[in-house]
Structure formats: structure tokens, C-alpha cells
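1. quick one, fold the following:
(2 chains)
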Amino acid sequence: MSVDIAIRKTLRSDDRHFELDVAIASDQRRVVLFGPSGAGKSLTLRAVAGLLTPDSGRVVVDGRVLYDSASRVDVPTRLRDVAYVYQDYALFPHLTVAQNIAFGLDRGWLNPPRRRRDARVQHWLDALELGAIADSYPSRISGGQRQRVALARALATEPRIVVLDEPFAALDPALRGRMRTELLALQERLDLQLMVITHDPADVEALEGHTFEIRDGRAAVVG
Amino acid sequence: MGAIWVPLTLTLKVALWATAINLVLGVAVAFGLSRWRSHAREVVDSILTLPLVLPPTVLGYYLLVLLGRRGVFGAWLDRLGIELVFTWQGAVIASTLVAFPLVQKAARAAFEAVDPQLESAARVLGLRETAVFFRVSLPLAARGITAGALLAFARALGEFGATLMIAGNLPGRTQTLSVAIYAAVQSGDDTTAGIMVAVVSVTCVVALLLAGWLAPDHLRRSRP
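-> Below you'll find the model as predicted:
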């Protein structure tokens, strides 16, 4: 089983009470969580990355237990080998494209230098055709380029799983189709374990993954 | 010339020390406060803002009570051989205290404006909390912190009341520019006073202009 997630979490705020109780198990390399916003898709992704601690349950990726309330396992976020691609990409605005991609390669106290470039960074710049904008800042590049930088930054750390939060929502429709194709090609070429959340039926159709529908905090298999 | 040069260099030394101490202390406290989820936070923040509103003479009085030879810490410092009253180090403490809220407030606002998602992104990419601070939070807050530090420097340059209370008015030892200006006016030396007033005014204007100029363009937060 490449992904085995079963988590419960109760969230309370002043005017809202939300019960998340999802179970997702799949041995496919592409897992899609589909559903309306506010259904608990992002919470599930956050639990996989360790940004949200469930009340109970377990998270197993590629046979590695990341969280298990029964045996009190809770691997810290930084050690999970999960790559997270945010909906608005969360690129570091104070770093260039090349520095963003190099970010996770050295985990010390200093940001990657602007001049010296790691071979691994060059590899990802070439793989995603970002060479021309390597020294640009994120505010100066287009939406499609931003998404490729976010992917390159995520992949450079050689994660076990890449989770993507609405990866195409911030793109205009013409670009959306192209980026879907690009992501699929990349997934197949590198045999990536992907977990994508989306509210767009067109994404579900294009990604052809093991799809779970998430509604009101619960998951159901749809295909 | 010595009449101006000596207090000028002393003032710069005191103001630079006060700014440097606040850059460490004010930024650390601000970061702690910005991450602290407690109702006591605003109470602590109010107490830390007091130096901004209390008369400097009151602050100077408190410092004397605490650090004077018979003071709470003073007796203890005395045994260690450290003397702060009537020394330039005492002036540094007075300036640091008075300018502290300017750095702390600016830094706290800057840290709170950093997108928490960027800090999460850094954690997911494998960074420890200290690395997240130095590589994401601090550089993104740098613009606000720099502005606060320059304000603090300008404030420390002009510090008078608390400095006079704890460091006194010893020419060549603790007489900073603002104290020297007061002394010059008292003794009728209007020329010296006028030159020193001009020096302080120009330095403060330059510090304020720098506050707007220093931060590079790419530090301005830009989100798609």
C-alpha cells in the first residue's frame, strides 16, 4: 500500500464545529482527493505533512509510519520526506528561483548563496525549463513558471510523496491544461507518488488517479 | 572643535551600542511575543511599551533605584566591580531602555506580517525552527526591523532625561550631545549649542531617510 491514511480530528472555533474522519488507502501512484472547499481536503494533506496533528489514527506512506496514535508515533514535519506544493505556491519572495529550488538541499542556518549553484539545482532548472529565469525573484515570473518552481523546489529534496493543494486553481484556463499534462508527464517519468486535492472535475478526469470524494469531512471512493 | 567632537563621538558610541543591544533584545522579545498565544501577551506588550510614554526622568529614577549602588541590582553589580551610575555604560542602558519599544514594536509587526505558510513551507522542506527563523522569518521581517532600528538610533541620539539621571553630566565622560547642548545654553555659549543642534538634527533626518531607503526592493513582500 503506498498511501494508507485513517485520521480523525475535531476542530472547534467560536461558530464552527468540524469533524474530520477520513480513511484513504491506495496502492496507486496517483491519488486524487476531490470535493468542495471546506470539506476537509486541505486538512487531510496537512495531516500527511505533519502540519496538523490528528486526534487519532495513522498516516503511512510507502510503508513508513509517519503518524500512529496507537503506538505514539508522530514524525516531525521536517523529517517526513513529504513535499508540499501549496495552492499559491508559497515561494520565498526574498530568494531567487534558483535559491528557492536549492532551499531544502541544505538545512543549515543560511540560505543558499545566490552565485554558486548546486548541480542538483541546475538539474531541476533544466528539467523544468527554468534556466532563463534562474536569477529572477518570484514576483517577477508568471503563474505557470511559479508552479514549476514550486514543483522543482519540492522534487529537489527527493521526497517519498508529493502532495499538491489545488495545483491548477491559480492558473488561467489555457495554462491549466498545459500544466496538467506537464505534471502527468513528470509523474510518469520520475515515478512519483502524488496526492492531489482539487475541486475541479476536469482535474479528476485528466489525472486518472485513484479518486476519493471528500464531503463534510468524510471520504468515499469514486474511481 | 573639541567641545563638539568629544560629546559627538560619545553620543554616537552610546547610540550605536543602544541600537545594537536593541537589535538583539528587541528582535528576540518581538519574535517571542509574535508567536506567544496567551492573553497575558498584550499585558506584557503594554509594560514593554511603557518607556515610550513614561517621562524619561521617571525611567532614570527607576534605573537609579535598580542600578544605583544601594539599588536592587546595584549592590550585586558593585560586588562584581561593575559600576553603571555616572559612566557611559549607564548612558547606554538609559538609551537602550528608552529606544527599546521602537525596535520591539516595529519587529513584532514585521514578524506578524510574515506569511505563516512560508514558515510551514520551510519546515516541510526539512528545516528546524532556528533555521526557519534565520532563513525565512528574519529576512522577511528585515525591512520592518531596520526601520525600527533607525528610529531607535535617532531616539538614542537625542536621549536626555534618563541619561542625565543615571550618567550625569561629566564632560568627556558621560556628557552626550543633548546634555552638552543644555550645558552650553546654560552657560550662554550659543554658538556651540547652535552647531550641536544642527549636527543632531541632520543626523536624525539622515537616519529617518535611511529607514525608507535601506531595504532592498525584493524584501518588499510580494504574493502572486
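2. show me what contacts the residue nearest the centre of chain B?
-> Residue closest to the average C-alpha location in chain B (Cα atoms, centre = their mean): B:Ala99, at 3.5 Å. Contact partners of B:Ala99, counting by Cβ atoms under 8 Å, 6 or more residues apart in numbering or on different chains, are B:Ala18, B:Thr19, B:Asn22, B:Pro51, B:Leu151, B:Ala152, B:Phe153, B:Arg155, B:Ala156, B:Glu159. Where C-beta positions appear, they are placed from N, C-alpha and C, glycine not excepted.
3. what ranges do the helices span in chain A?
-> A:41-49, A:97-102, A:119-127, A:143-156, A:173-190, A:201-207 (DSSP state H).
4. now do the fourth one against helix A:119-127, angle only.
-> Computed by axes from the mean of the first three to the mean of the last three Cα atoms, to 10 degrees, the angle separating helix A:143-156 from helix A:119-127 equals 140 degrees.
5. highest average neighbour count across the helices of chain A?
-> Most buried of the helices of chain A, by mean neighbour count (mean count of other Cβ atoms under 10 Å in any protein chain shown): helix A:97-102, with a mean of 27.
6. counting by contacts, list what that one packs against.
-> helix A:119-127, helix A:143-156 (3 or more Cβ pairs under 8 Å, 6 or more residues apart in numbering or on different chains; DSSP states H and E).
7. what's the closest of the ones you listed to chain B?
-> helix A:143-156 (6.0 Å; Cβ to the nearest Cβ).
8. can you give me how far the closest one is from the chain middle?
-> 11 Å (Cα atoms, centre = their mean, to the nearest Å).
9. just the CA atoms of that helix, as CSV, please.
-> The C-alpha trace of helix A:143-156 is given here as CSV (Å, rounded to 0.1, in the frame of the first residue of the first chain):
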residue,chain,number,x,y,z
GLY,A,143,1.9,31.9,-12.8
GLY,A,144,3.0,28.8,-14.8
GLN,A,145,6.6,29.5,-14.0
ARG,A,146,5.8,29.9,-10.3
GLN,A,147,4.1,26.5,-10.3
ARG,A,148,7.1,24.9,-12.0
VAL,A,149,9.5,26.5,-9.4
ALA,A,150,7.3,25.2,-6.6
LEU,A,151,7.4,21.7,-8.1
ALA,A,152,11.2,21.9,-8.7
ARG,A,153,11.7,23.0,-5.1
ALA,A,154,9.6,20.1,-3.8
LEU,A,155,11.2,17.5,-6.0
ALA,A,156,14.8,18.6,-5.3
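10. relative to helix A:173-190, how tilted is that helix?
-> In terms of direction (the same axes, to 10 degrees), helix A:143-156 departs from helix A:173-190 by 20 degrees.
11. what mean pLDDT does helix A:143-156 have?
-> Regarding helix A:143-156, the rounded mean pLDDT is 92.
12. show me the helices in chain B, by range?
-> Taking DSSP H as the criterion, chain B carries its helices at B:2-35, B:40-53, B:56-67, B:74-79, B:88-112, B:116-124, B:129-132, B:138-157, B:161-167, B:177-186, B:190-213.
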